[in-house]
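Novice: Can you look at this prediction? I've put the sequence above it.
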Amino acid sequence: MTSKIICRLIIIVFVLLLSCGILAPVSSTTLKPIVIVVEPKGKKMIYKVDGRQLTADQLVDDHLKRVPHAQRSKNRIIIIASTENTIDNIMLLRNLLDKMDFDNVRYYAFVKEYGIMMEEFKFGIHTSIPFTTNPDAFE
(Lines give C-alpha, C1' and ligand atoms only; values in the text may rest on other atoms or scores of the structure.)
Protein backbone atom coordinates (compact mmCIF):
# COMPACT_ATOMS: atom_id res chain seq x y z
CA MET A 1 0.00 0.00 0.00
CA THR A 2 1.18 3.48 -0.70
CA SER A 3 1.53 6.05 2.06
CA LYS A 4 -1.38 8.03 0.56
CA ILE A 5 -3.75 5.09 0.97
CA ILE A 6 -2.50 4.39 4.49
CA CYS A 7 -2.98 8.04 5.43
CA ARG A 8 -6.57 8.02 4.13
CA LEU A 9 -7.31 4.80 6.03
CA ILE A 10 -5.96 6.31 9.26
CA ILE A 11 -8.13 9.40 8.82
CA ILE A 12 -11.24 7.29 8.07
CA VAL A 13 -10.68 5.07 11.12
CA PHE A 14 -10.06 8.13 13.30
CA VAL A 15 -13.27 9.83 12.11
CA LEU A 16 -15.26 6.63 12.61
CA LEU A 17 -13.94 6.24 16.16
CA LEU A 18 -14.83 9.85 16.93
CA SER A 19 -18.30 9.48 15.41
CA CYS A 20 -19.00 6.34 17.43
CA GLY A 21 -17.92 8.10 20.61
CA ILE A 22 -15.10 5.65 21.29
CA LEU A 23 -12.29 8.23 21.44
CA ALA A 24 -14.37 10.91 23.17
CA PRO A 25 -17.73 10.08 24.73
CA VAL A 26 -20.59 12.02 23.19
CA SER A 27 -23.71 12.83 25.14
CA SER A 28 -27.02 12.54 23.36
CA THR A 29 -27.61 16.30 23.55
CA THR A 30 -24.56 17.33 21.50
CA LEU A 31 -24.52 17.76 17.77
CA LYS A 32 -22.53 15.60 15.41
CA PRO A 33 -18.91 16.81 15.38
CA ILE A 34 -17.67 18.58 12.28
CA VAL A 35 -14.40 17.03 11.09
CA ILE A 36 -12.35 19.33 8.85
CA VAL A 37 -9.26 18.04 7.04
CA VAL A 38 -6.92 20.92 6.14
CA GLU A 39 -4.24 20.54 3.47
CA PRO A 40 -2.18 23.10 1.56
CA LYS A 41 -2.36 23.24 -2.22
CA GLY A 42 0.16 25.72 -3.51
CA LYS A 43 -0.56 28.98 -1.72
CA LYS A 44 -4.17 28.05 -1.01
CA MET A 45 -5.80 25.88 1.63
CA ILE A 46 -8.00 22.89 0.85
CA TYR A 47 -10.73 22.08 3.35
CA LYS A 48 -12.42 18.69 3.25
CA VAL A 49 -15.58 17.82 5.14
CA ASP A 50 -17.21 14.42 4.63
CA GLY A 51 -14.80 13.76 1.75
CA ARG A 52 -15.94 16.88 -0.12
CA GLN A 53 -13.36 19.48 -1.10
CA LEU A 54 -14.49 22.99 -0.08
CA THR A 55 -13.37 26.57 -0.32
CA ALA A 56 -13.29 28.67 2.86
CA ASP A 57 -16.62 30.29 1.91
CA GLN A 58 -18.27 26.91 1.31
CA LEU A 59 -16.93 25.64 4.64
CA VAL A 60 -18.51 28.57 6.46
CA ASP A 61 -21.80 28.63 4.54
CA ASP A 62 -22.44 24.88 4.14
CA HIS A 63 -21.22 23.64 7.52
CA LEU A 64 -20.31 26.18 10.18
CA LYS A 65 -23.24 28.60 9.77
CA ARG A 66 -25.71 25.72 9.99
CA VAL A 67 -24.87 25.14 13.64
CA PRO A 68 -27.30 27.19 15.74
CA HIS A 69 -25.50 30.04 17.50
CA ALA A 70 -26.66 28.87 20.95
CA GLN A 71 -25.04 25.45 20.41
CA ARG A 72 -21.73 26.58 18.90
CA SER A 73 -19.87 26.54 22.21
CA LYS A 74 -20.95 22.91 22.76
CA ASN A 75 -20.53 21.53 19.25
CA ARG A 76 -17.22 19.75 18.62
CA ILE A 77 -15.02 20.80 15.72
CA ILE A 78 -12.13 18.49 14.90
CA ILE A 79 -9.34 19.88 12.74
CA ILE A 80 -7.05 17.32 11.12
CA ALA A 81 -4.20 19.34 9.66
CA SER A 82 -1.40 18.16 7.44
CA THR A 83 2.06 18.93 8.80
CA GLU A 84 2.73 20.61 5.45
CA ASN A 85 0.53 23.54 6.62
CA THR A 86 2.14 26.63 8.01
CA ILE A 87 1.16 27.80 11.47
CA ASP A 88 -0.31 30.92 9.82
CA ASN A 89 -2.78 28.79 7.87
CA ILE A 90 -3.90 26.99 11.01
CA MET A 91 -4.15 30.29 12.91
CA LEU A 92 -6.41 31.73 10.19
CA LEU A 93 -8.80 28.83 10.66
CA ARG A 94 -8.52 29.10 14.45
CA ASN A 95 -9.36 32.82 14.34
CA LEU A 96 -12.33 32.16 12.07
CA LEU A 97 -13.70 29.55 14.48
CA ASP A 98 -13.10 31.87 17.45
CA LYS A 99 -15.03 34.68 15.76
CA MET A 100 -17.93 32.32 15.09
CA ASP A 101 -17.98 31.33 18.81
CA PHE A 102 -16.86 27.72 18.41
CA ASP A 103 -15.10 26.91 21.69
CA ASN A 104 -14.83 23.13 21.56
CA VAL A 105 -12.17 22.82 18.84
CA ARG A 106 -9.53 20.08 18.83
CA TYR A 107 -6.51 20.04 16.53
CA TYR A 108 -4.70 16.93 15.29
CA ALA A 109 -1.79 16.69 12.88
CA PHE A 110 -1.03 14.03 10.29
CA VAL A 111 2.16 13.38 8.40
CA LYS A 112 1.05 12.62 4.87
CA GLU A 113 4.28 11.05 3.63
CA TYR A 114 4.41 8.49 6.47
CA GLY A 115 0.68 8.04 6.93
CA ILE A 116 0.74 8.69 10.67
CA MET A 117 -1.42 10.87 12.88
CA MET A 118 -0.17 12.79 15.90
CA GLU A 119 -2.02 13.43 19.10
CA GLU A 120 -3.98 16.57 19.80
CA PHE A 121 -2.03 19.79 20.00
CA LYS A 122 -3.13 22.87 21.89
CA PHE A 123 -2.51 26.52 21.24
CA GLY A 124 -2.78 27.70 24.83
CA ILE A 125 -4.84 30.51 26.20
CA HIS A 126 -6.77 32.93 24.00
CA THR A 127 -5.83 36.12 25.85
CA SER A 128 -3.13 38.41 24.56
CA ILE A 129 0.11 38.61 26.51
CA PRO A 130 1.97 41.89 26.06
CA PHE A 131 5.68 41.67 25.36
CA THR A 132 8.41 43.84 23.98
CA THR A 133 11.65 43.31 22.13
CA ASN A 134 13.06 46.26 24.05
CA PRO A 135 13.82 45.21 27.67
CA ASP A 136 14.67 48.82 28.59
CA ALA A 137 10.99 49.73 28.16
CA PHE A 138 10.20 48.37 31.64
CA GLU A 139 12.76 50.47 33.49
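Specialist: Perfect, thanks for sending it.

Novice: use CA for all of it now, contacts and neighbours both
Specialist: Fine.

Novice: okay, and for this protein, where does confidence drop off?
Specialist: 1, 7, 16-30, 123-132, 134-135, 137-139 (pLDDT under 70).

Novice: Which residue ranges of it form strands?
Specialist: 34-41, 44-49, 52-54, 76-82, 104-111, 116-121 (DSSP state E).

Novice: Packed most tightly, which of those would that be?
Specialist: Burial of the strands of the chain is given as mean neighbour count (mean count of other C-alpha atoms under 10 Å); strand 76-82 ranks first at a mean of 21.

Novice: Mind listing residues that contact it?
Specialist: Here strand 76-82 makes contact (C-alpha atoms under 8 Å, 6 or more residues apart in numbering) with 31-40, 90, 102, 104-112.

Novice: tilt between it and strand 104-111?
Specialist: Between strand 76-82 and strand 104-111, the angle comes out at 20 degrees (axes from the mean of the first three to the mean of the last three C-alpha atoms, to 10 degrees).

Novice: ok, strand 76-82: who's next to it in the sheet?
Specialist: Strand 76-82 pairs in its sheet with strand 34-41 (parallel), strand 104-111 (parallel), by DSSP bridges.

Novice: Okay then, goodbye and thanks.
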